[in-house]
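Undergrad: Output the structure for:
(chains A and B)
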Protein chains: 2
Amino acid sequence: MTNKMTTQPYKGSRDFYPEDMKIRNFIFDTWKKVCKSYGYEEYDGPFIESFELYAAKSGEELVNEQLYSFEDRGKRKVAIRPEMTPTLARMVASKINELPKPIRWFSIANFWRYEKPQRGRGREFFQLNLDMFGIEGVEADLEVISTSVDILKSFGAKETMFEVRFNNRRLADDIYRNLGLSTEQKKLVNKALDKKLKISQEEFNSWLKDDAKLSNLELKSLNDYLENPMPMVNQLVPKSKGAQEVVKLTELINNQGLSMFVKFDPTIIRGLDYYTGNVFEVYDLNPQNIRAIAGGGRYDDLVTVFGKDKLTGTGYAMGDITLKDFLKGWNLLPKFESECEYLITLWPSEDPKFLKKELEISKILRNNGLNVQTWLENNTKLEKQLKYADKKGCKYVIIIGENELKDNLVTIKNLKDSTQETKPLEKFISDIK
Amino acid sequence: MTNKMTTQPYKGSRDFYPEDMKIRNFIFDTWKKVCKSYGYEEYDGPFIESFELYAAKSGEELVNEQLYSFEDRGKRKVAIRPEMTPTLARMVASKINELPKPIRWFSIANFWRYEKPQRGRGREFFQLNLDMFGIEGVEADLEVISTSVDILKSFGAKETMFEVRFNNRRLADDIYRNLGLSTEQKKLVNKALDKKLKISQEEFNSWLKDDAKLSNLELKSLNDYLENPMPMVNQLVPKSKGAQEVVKLTELINNQGLSMFVKFDPTIIRGLDYYTGNVFEVYDLNPQNIRAIAGGGRYDDLVTVFGKDKLTGTGYAMGDITLKDFLKGWNLLPKFESECEYLITLWPSEDPKFLKKELEISKILRNNGLNVQTWLENNTKLEKQLKYADKKGCKYVIIIGENELKDNLVTIKNLKDSTQETKPLEKFISDIK
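TA: As a prediction, the model looks like this:
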């Protein structure tokens, strides 16, 4: 080929070299550990689903602007998953009668959305999805929120670093009804709230006046509510299920000692259509990284599109890219140690007895659970082999030269403290056991 | 919606319910453990790449018949990865000067090919990819083959259950040249060899006579060679690099005590174009499952398409579907224990003090590294809660009733042996530590 190809990955996607993979595995392992500690079981679904699955349940923006969809060779319209929830609902619906309730599930999977790549956002990203089905009470919302707090705490995060902000879709509806807004106006108010964090108060007001056609009085009432929401929430309690849910959840949060992490915030709406009750987002408090790390809420009607009985659900997703930015920003990423424990060098000679001994010792070390690299090129100067061990961060180098071979010895070089000792192979083996 | 959607996954793909996920994780964890024990480092690449990457380096059948390719919203022609090697070559080429050699890398990733779903073959599958770059000698081939043997042994497989069969592309070329075959004939012979295991000797012969136009003498020589290859291999040694490589690899295999697992087999060819030296496949010896579990070999020119210096590589892929069939066929899949250690029940009462205590104890257990599920529904009969614990295979159930709460006790039910004891909370906590 004369026209050389680029070595760059596709726009918005990432190569995970071993050093990147260590960070990814560190994040995934921490996710897994916390999910399992709450009794959540891991699942996964296919990377491609029918287009209809997303058309039926994901938000409009997702489907119309961000979905990677195409026709397969059999003329089926398919799509690459942009989120997990539709797949999850399909899987739960498929075995709805067999699965003991509540269902506690999590998955860690990759997703694609056609977006303009920017800080905190790629076209390919990974997400933890954690969901519980079958519990209608806000106790379930409390639990899923607790897992998100515990995850961040497991990474070493403190209360000054993040905040969970929750609201309630049913409450928001009742508030808007109380203010006398129409269905169309509600939609536009939600849209404005979704952007509130990124725009000025004036911009926000003009959106509401010009687009949503709120009167001055309505606008004032709404802003009063946003500024000091609890009086109106409390006033609505007798007739609003949403208000009751918010009051109950607040109480549980206080009881659990979680109030320094979790706050009621009437501006939290969540873009996707399927939410019904409490919704929440986890925010990085680092001013350099204002995107949400996680978000989710309660959805009560998801499995009904499959013709199944209603099964209530609650859960959230946490993305790997914003989480990594969060961890970096607060200096919570550990320094990863090299996984190379031993390099066994090959004596600079063609004599096959050296290779034989080298591989024999490697095998013994591996059988004892150690990570071992062997030098496989003949006639390489020891210096070069040691330099490689150093670059790879190996802890020890084993040298088997003429003398070692003759007397059944090994020379062990400790690269950390630059010490070296020679001992009988038998002794070395019994020492590592 | 009146038209209810199907709950079936897309054709050829799989849903991984928690019980399936346990098997998948068991396989992945074993793969990882062995790869790391040889010093291989984990990497991953994007799920979508430019179409050109595969057009340049994957085999024709893969690109023309099996690739999931489409245009993105920016009119770029892209494809879902059908194999890892092109991505790997791109990533290595991109950092070719920074990476210390040899490079030992592995990845576990999912791939898509448009194929007719059948036993041992899905459209979505996972593969382990293990590769080493920078070592030209067959010692590197020996190592990658050893890892495949060690992986199967780690699953508990014995020498009667599988066999690694190797051949050499350079040797095959020299053999064909020795037999006087043209380039076109070589190609057709390779194609016939690739199918040999699945067709009769007569069919094989007629392919070679009718399609490859081999004379009776050529056919006889070829069949003689296939039946008893070593005389011709040995005869070619002085002038054939391929023959030398086979003889050397055989010697190393014998030295390593691997000859009961690894055999020379002149019918092994491998479909993909990029192989240059030794090639091998791992076969299940179970007559019910004759597909290869793994396959790979040496490729010397892969990174040159990116305009980089030649960097020799050797490696293989092992698929999850055939491996699972292998493990099932030989009864090597373990019975997975439930991961639920504790269910903390909720006393059938609305009094919030029970929930509070329940969550307090859960937290203590979790902080001690235990997996804990909590019952979150008020007013549920204890019987129902116990039934759930039983279905989920929980080891213990913790009950906190009126008496327990009053005297700060917990009642622990052991579901394995149906015993039960009540003790002070303090004592319970110190016991689990």
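
Undergrad: Counting by contacts, list what the top helix by length along chain A packs against.
TA: Ranked by residue count under DSSP state H, the longest helix found in chain A is helix A:18-37. Judged by 3 or more C-beta pairs under 8 Å, 6 or more residues apart in numbering or on different chains; DSSP states H and E, the packing partners of helix A:18-37 are strand A:103-112, strand A:124-133, helix A:138-154, helix A:320-329, strand B:41-42. Yep, even glycine has a C-beta here, placed from its N, CA and C like the rest.

Undergrad: Could you rerun that using 6 Å?
TA: Where contact means 3 or more C-beta pairs under 6 Å, 6 or more residues apart in numbering or on different chains; DSSP states H and E, helix A:18-37 is packed against strand A:103-112, helix A:138-154.

Undergrad: can you pull out the helices in the stretch 151-300 of chain A?
TA: Using DSSP state H, counting those that start in this stretch, the helices of the stretch 151-300 of chain A run over A:169-178, A:183-195, A:201-206, A:216-227, A:230-236, A:241-255.

Undergrad: pLDDT averaged over stretch A:346-355, what's the number?
TA: Mean pLDDT, stretch A:346-355: 95.

Undergrad: and that stretch, how far apart are its ends?
TA: 6 Å (C-alpha to C-alpha, to the nearest Å).

Undergrad: which of the residues in that stretch are buried?
TA: A:Leu346, A:Trp347, A:Pro348, A:Phe354, A:Leu355 (16 or more other C-beta atoms under 10 Å in any protein chain shown).

Undergrad: just stretch A:68-81 next, same as before
TA: Applying a neighbour-count criterion of 16+ other C-beta under 10 Å, one finds A:Tyr68, A:Ser69, A:Phe70, A:Asp72, A:Val78, A:Ala79, A:Ile80, A:Arg81 buried in stretch A:68-81.

Undergrad: do stretch A:119-138 as well
TA: A:120, A:122-138.

Undergrad: check these against chain B, which are close?
TA: A:Glu124, A:Ile135 (C-beta under 6 Å from any C-beta of the partner chain).

Undergrad: And stretch A:195-212, what's buried?
TA: Buried-residue list, stretch A:195-212, by 16+ other C-beta under 10 Å: A:Lys196, A:Phe204, A:Asn205, A:Trp207, A:Leu208, A:Ala212.

Undergrad: Mind picking the lowest-pLDDT entry from those residues?
TA: A:Lys196 (86).

Undergrad: Touching, that residue and A:Ile268? I think so.
TA: No - using C-beta atoms under 6 Å, A:Lys196 makes no contact with A:Ile268, being 9.7 Å away.

Undergrad: Could you give the number of residues near A:Glu227?
TA: A:Glu227 has 8 neighbours, counted by other C-beta atoms under 10 Å in any protein chain shown.

Undergrad: With A:Asp301 instead?
TA: So A:Asp301, with other C-beta under 10 Å, has 14 neighbours.

Undergrad: Can you show me the CA trace of the helix or strand harbouring A:Lys387 as CSV?
TA: Assigned by DSSP states H and E, A:Lys387 belongs to helix A:382-391. Written as CSV, here are the backbone C-alpha positions of helix A:382-391 (Å, rounded to 0.1, in the frame of the first residue of the first chain):
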residue,chain,number,x,y,z
LEU,A,382,22.1,-8.8,30.1
GLU,A,383,22.3,-5.1,30.3
LYS,A,384,19.5,-4.8,27.7
GLN,A,385,17.4,-7.3,29.5
LEU,A,386,17.8,-5.4,32.8
LYS,A,387,16.9,-2.2,31.1
TYR,A,388,13.7,-3.8,29.9
ALA,A,389,12.9,-5.0,33.4
ASP,A,390,13.4,-1.6,34.7
LYS,A,391,11.2,0.0,32.1
